[in-house]
Each structure stands twice: as C-alpha cells, then as structure tokens.
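A.B. asks: Coordinates for the following, if possible.
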Amino acid sequence: MSAAAARKPGAAFAALMSVYFFLVVTSFWVLKPLKKGLFIRAYDQTGLSLGGIQLASAEAEQLAKLANLAVALLAALAFSALSRRLRRQSLALVVTSAFALGHLLFALLLREPGAATVWSFYLYGDLFSTAMVVTFFAFLNDAVDSGAARRLYGPIGLGGVLGGMLGAGAVATWIERFERPSWMLACFALALAIAAVAWAAGRAAGAAQDAEPEPPELSGGALAGAGLVARSPYLLAIVAIVACYEVVSTLLDFQFTSSVALRLDGPAIDGHFASVFAVTNATALGVQLLVTPLVLTRLGVGAGLLVLPAAALLAEGAFAAAPTLAAASSLSVVDNGLNYSIQQSSREALYVPASRAEKYQAKAVIDMVVQRAAKVVAIAVSLAATLAAGSVDGLRWLALPVAAVLVVWIACAVFAGRRFRALAREDR
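C.D. replies: Numbers count the residues shown, from 1 in each chain. All right, here's what the predicted structure looks like:
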C-alpha cells in the first residue's frame, strides 16, 4: 500500500473543512427525524401487510433499510465514476448540487405525502447521509497526512458535532411549528452554503500544496474498489469494523424504534425522536470536546476505535436487564453520540495513509455497499427475533447477537489500530 505524499494544510483549510462538516451534519440531523418520524407514523396504526404477514411500523422500517442496499449500490457506482474524472472540490460540488435539487423536489412532494413519497423520502434521507459524508471524508483524507489527521480530525469533527446539535436541536424545538416542506427549503439553503464552503476549501487545499490538485489518477471500472479491498488485510479490517458497526447500530436502532412505537402514539413519536436526537448530539459534543482529542493525541487511533463497542456492550446489557423506554433511548444515545464523535474521527483516520485509489474507490465500496449489506444481516436477525419470540421478548433476546458482533468488532479494531501505527510511521 503506497502512502500519500505529506501534506500540511493550514488553519484556513482546517477551519473551512470544519464548517463544511458542520453544514453537512446539520442537514443530516434535520432530515433524520423528519424521514424517520414520517415513516413510523405512516404505519404506526395500521402496520404493513406483506405476503400475509402483518409488520409493525418498526419492522416495516427494516424493509426500507433493506431497500437502501440497492440505492447504495447505484450510489457507489456513480461515486466511483465521478471520482475518476473530478477534482476534490469539483466532486463535492456535483454531489451537493444533486442533493440541492432533491431538497427542492421533496419540498413539493411532502406537502401531501402518499406511500410512494414516504418510502422515497426515507431512502433519500439515508442516501444523503451516505453520499455526503463519503464525499466529505474522501476530500479530507486526500488532503492531509497521518500526523495532520491526529491533530485536525478532532477539531474538524467538532464542526460535525456542533452541526448535529444545531440540526437536531432545531427540529426538536420547532418540529410542531414548521411543516416538512419548510424544513426541506432550509436544507436547500444549507446545500448552497455547503457548495460555497467546499469550493473555498478546495482552493485552500490547492494553495497548501502550491498547486491546484489534479484529478486523482484512478484506474479500473466502477467496481475496482472491491478488488482493492479484497487484496488488502488492512482494508478488510476496516470492512469488518464498518460491517460490525452497521449490524450493531441497526439492531440497537430497531430496539429503540420498537420501544418508541410500542409506548407512544401520534405526534409524541416525532417529539420523542427529536428529543432523543438532541440529547444524542449534546453527548457527542461533550465526547468530541473532552474525550476525542485526549484519546487520539495521547493513546492513538486504535484506542479511539474501542470506545464505542465497549460502551455499546454496557448499554445493551442494561437494556437486556430492563427493556424500558429510557433504556432503549440510551441505546440510541450511545450509538449515535459516540459514532458521530470519537468513532467517526478514529475510523476515518484509518484511510489517511492509504493510496488515492483506496481513499476514493475502496472507501466508496466500504461506506456505501458494505454498510448497507451489513444492514441486511441485521434486518434478518431483528425480524427473525421479533417474529419468532414476540416483540418484547424479541427485543430483549437481541442482546445475544449484539454481544457476539461486538466481540468481533473489538478484535478487528485492535488489529486495525496496530496496522495504522505501522503505516503512519511509513507516511512520515
């Protein structure tokens, strides 16, 4: 694996990337409760009938997550094709522009949402989070070296955490005042700001390297990234970390969503989702300010990778002992609060010593296809558990597969952390 050339981006670049991430995550946390609440409320009373089987709203959502796999495959192909032709900032501008148009479209469709709009909006919300975050980190990872990553990923990640607080907090505060079309127009305005900041960050990255960056010279077809992953034990370890996280996260979210649907009705569902997501982002802010810089600079990326699985193991044990709404909500807080802070900063740093092809093509396969494929496994487990044992018992027994996956996750994180240290030494 070839190391990237050393780069020393300045304070202007770091500040711009922090603002870029802030705007992306703000948009994501506006979309997340909107699309989730719309979907759950659509099937909260009647459920979804499929082949003679009656699915509750949380179970129906699992099918929507399954459909996301097909969307992710198409997105990975498109991203890989674009990354072979465009500079970092140009790629960001194209992707952002596509979502800006999508925001406007859904501002119209959500005025009178039917079943098709409910499903497409759910898929669109997941596609936004996947594509925009992959584009952002491909940009960032290609502009820094390993030393800079340890220094800058904490502050840059802080921008994302603050964006999460703003997005989730705004929805939690004004969810009843503004309709979904108004929120989509706000997301459109944010997309315009993202485009402007991405363009400025691209100029700053070019200035830091004394030249405008050339398009990454990537070869192979749209599926070349899969071959890169298959030939690299390091990338396979990242695959395992991503897959384990997605399985665990999907199961935790299913436990959380099912608990909310069982205990709440109507507008209270939207309100609870928004409130929990606001607490989640406050937690992420505290972790990003106090824990992430300390762990990454003193203990290293490997230690950062272990924080979330360890905390998830404790939270899942508490829920298995007492599956209350509060315990279920804590699963979401631990999952998202740590993932969008220390876990994301640590996981993305793993790509810094990788080659350009690995950062663009392999990362697209991992973050778009592997993520969604892992969700399929989790969906099968969750549906089997609830259909076989009943909702409450099924939720409790999901602690067993969650714990098993967490053990595998921890082992892979240890290997990846050690390999990162070795590659980082070569990257100096």
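
A.B. asks: just for the stretch 51-200 of the chain, where's the confidence low?
C.D. replies: Applying pLDDT under 70 to the stretch 51-200 of the chain picks out residues 146-150.

A.B. asks: Check which helices and strands the helix or strand hosting G125 is in contact with.
C.D. replies: Per DSSP states H and E, G125 falls inside helix 115-141. On a contact count with 3 or more Cβ pairs under 8 Å, 6 or more residues apart in numbering; DSSP states H and E, helix 115-141 meets helix 11-43, helix 57-83, helix 88-109, helix 180-208, helix 344-349, helix 363-364. C-betas here are computed from N, CA, C, even on glycine.

A.B. asks: going on from the fourth one, what's the next piece of helix or strand?
C.D. replies: Using DSSP H and E, the next helix or strand after helix 180-208 towards the C-terminus is helix 224-230.

A.B. asks: buried residues in that next one?
C.D. replies: Under the neighbour-count criterion of 16 or more other Cβ atoms under 10 Å, helix 224-230 has A224, G225, A226, L228, V229 buried.

A.B. asks: Now do stretch 252-265: distance to the chain's middle.
C.D. replies: Distance of stretch 252-265 from the chain centroid (Cα atoms, centre = their mean, to the nearest Å) equals 20 Å.

A.B. asks: Tabulate the CA atom coordinates of it in PDB.
C.D. replies: Provided in PDB are the C-alpha atoms of stretch 252-265 (Å, rounded to 0.1, in the frame of the first residue of the first chain):
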ATOM      1  CA  LEU A 252     -29.800  -1.000  18.600                       C
ATOM      2  CA  ASP A 253     -32.000   1.300  16.500                       C
ATOM      3  CA  PHE A 254     -34.600  -1.400  16.000                       C
ATOM      4  CA  GLN A 255     -34.800  -1.900  19.700                       C
ATOM      5  CA  PHE A 256     -35.100   1.800  20.200                       C
ATOM      6  CA  THR A 257     -37.700   2.400  17.500                       C
ATOM      7  CA  SER A 258     -39.800  -0.600  18.500                       C
ATOM      8  CA  SER A 259     -39.800   0.600  22.100                       C
ATOM      9  CA  VAL A 260     -41.000   4.100  21.000                       C
ATOM     10  CA  ALA A 261     -43.700   2.600  18.700                       C
ATOM     11  CA  LEU A 262     -45.000   0.300  21.400                       C
ATOM     12  CA  ARG A 263     -45.300   3.100  24.100                       C
ATOM     13  CA  LEU A 264     -46.100   6.300  22.200                       C
ATOM     14  CA  ASP A 265     -48.600   7.400  19.500                       C
END
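
A.B. asks: May I see the buried residues of it?
C.D. replies: For stretch 252-265, burial by neighbour count (16+ other Cβ under 10 Å) applies to L252, D253, F254, Q255, F256, T257, S258, S259, V260, A261, L262, L264.

A.B. asks: how close does L331 get to A413?
C.D. replies: 20 Å (Cβ to Cβ, to the nearest Å).

A.B. asks: If anything else comes up later, I'll come back, but that's it for now.
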